[in-house]
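> just the structure for this:
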Amino acid sequence: MCGRIAVTLPHDAMVRLFAATPANNLPKVPQYNVCPTNQVHIVTGSGGGPRRLGAMRWGFIPRWYKKPGDGPLLINARAETIAEKPAFGAAARERRGLVVASGFYEWTKDAEGGRDPWYITRRDGAPLALAAIWQDWRAETDEGLRTCAVVTCAANDPMRAIHHRMPVIIEAADWPLWLGEAGKGAATLMVPAADDLLTWHRVDRAVNSNRAEGPELIEEI
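The predicted structure is shown next:
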């Protein structure tokens, strides 16, 4: 599961990091509580041209939906079944991207059932490049949305203490393969992160509200 992220990297730093051309409609930064249906920063390839840093709705809309709410909100795509799912198969083959994040949140439950949030980042402090798939969806009224889902896999051993799933994290050396710039074989990248890649700390339950915002949300308590 990956259902909330934070993004603190400035746009010019994203452009340099991913060697990408920025769109004009990028979401504002910093954001400390990016939720499903919000716009996320996503890097895509362009068939031999420069990469593109753009914005997409977090929540993949299958082509057969007549309106965005016609079915479940598809914020994640499971790596184990992505190729065979009618909603995701074509996108997994043809439209892959990298959602840019500084960290993501997961939750555990206390003895009373309360939800305790954890903020998870790379141990080396670098931004996260989360594997994603995307597609353009258009309603019969010609309303169009560019939408995406984050790819998830089974958690690595340390992460299982918090959750049994985790986002697929693509290392910089593998960005060309995932973006379709380096031939076939991207499916081999849909595996858990190395056990020593991530670190995490408890944060305040204020982040449990999707309306909460501010740098205090990622501070350790």
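
> pLDDT below threshold where in this protein?
Scanning the chain with the threshold set as pLDDT under 70 gives 141-142.

> all helices for this protein, in order.
For the chain, applying DSSP state H gives helices covering 11-18, 89-94, 175-178.

> could those go into TSV alongside mean neighbour count and distance to residue 124?
For every residue, glycine as well, the C-beta is placed using N, CA and C. As requested, the helices of the chain are arranged in TSV below (neighbours: other CB atoms under 10 Å; distance: least, CB to CB, whole Å):
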stretch	mean neighbour count	distance to residue 124
helix 11-18	15	13
helix 89-94	16	28
helix 175-178	19	16
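
> what about residue 1, how many neighbours?
By other CB atoms under 10 Å, 16 other residues sit near residue 1.

> hmm, it is touching residue 78, no?
No - judged on CB atoms under 8 Å, residue 1 makes no contact with residue 78 at a distance of 10.1 Å.

> which neighbours do these two share?
When CB atoms under 8 Å, 6 or more residues apart in numbering defines a contact, the residues bordering residue 1 and residue 78 alike are residue 152.

> if we can go back for a sec, quick one, which of the helices of the chain gets closest to residue 215.
helix 11-18 (17.1 Å; CB to CB).

> which strands or helices does the closest one pack on?
In terms of contacts (3 or more CB pairs under 8 Å, 6 or more residues apart in numbering; DSSP states H and E), helix 11-18 is packed against strand 20-22, strand 39-44, strand 51-58, strand 96-101.

> now do that helix: everything it contacts.
The contact list for helix 11-18, computed with CB under 8 Å, 6+ apart, reads 9, 20-22, 26, 29, 41, 43, 51, 53, 98, 100, 127, 129, 175.
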